[in-house]
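> Here is a sequence together with a model predicted from it:
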Amino acid sequence: MNLISIRIITAKVEELINFYEQVTGATATRYTPDFAELKTKTATLAIGSTQTLQFFGGDSIAQPAHNRSTIIEFLVDDVQQQFDESAAFLKTYMVQEPTLMPWGNKSLLLRDPDGNLVNLFTPATPEAVAKFKNS
């Protein structure tokens, strides 16, 4: 089994697409006005409007902007450089500036327009670098 994608259900499709395009540097593929995907080398972040819930059994199965338990994480080449180059955009979404974590990653924590936590990180210690060597 492989984790292929994470899907965010939102009432703010364009805002989320714009946020994730800016943060990742990737261009979203918009399949319909209600559904888009941002593909990375290892997984896909899907963004679906609340209208797409009809295909999964109805409006009550998911509630946009109610997540308080998940962090969406992106491995980046140099989190400090990304922060320095994008600080003007990122400050609106900032939770924590780049910080060295006890497990060896330097992490920048943001909240997307729906309030989902987003972690941009770069391995910083030899152990963390080895862990993500082939990622």
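Right, received. Where do you want to start?
> now the helices for the protein?
With DSSP state H as the criterion, the chain has helices at 13-24, 79-90, 126-131.
> most packed of these?
Most buried of these by mean neighbour count (mean count of other C-beta atoms under 10 Å) is helix 13-24; its value is a mean of 18. All C-beta spots, glycine's among them, are computed from the backbone N, C-alpha and C.
> Now stretch 27-42: buried residues?
28, 34-38 (16 or more other C-beta atoms under 10 Å).
> about what we covered before: format the helices of the chain as CSV; extra columns: distance to Gly58 and mean pLDDT.
As requested, the helices of the chain are arranged in CSV below (distance: least, C-beta to C-beta, whole Å; pLDDT from 0 to 100):
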stretch, distance to Gly58, mean pLDDT
helix 13-24, 19, 96
helix 79-90, 36, 94
helix 126-131, 41, 95
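> Can you say which of those is nearest to Gly104?
Of all these, helix 126-131 sits nearest to Gly104, with 3.1 Å by C-beta to C-beta.
> right, and the helices of the chain - which one's nearest Ala65?
Closest among the helices of the chain, once you apply C-beta to C-beta, is helix 13-24, at 10.1 Å.
> quick one on the thing from earlier: now the two most distant members of the buried residues of stretch 27-42.
For these, and using C-beta to C-beta, no pair is farther apart than Asp34 and Leu38, which are 15.4 Å apart.
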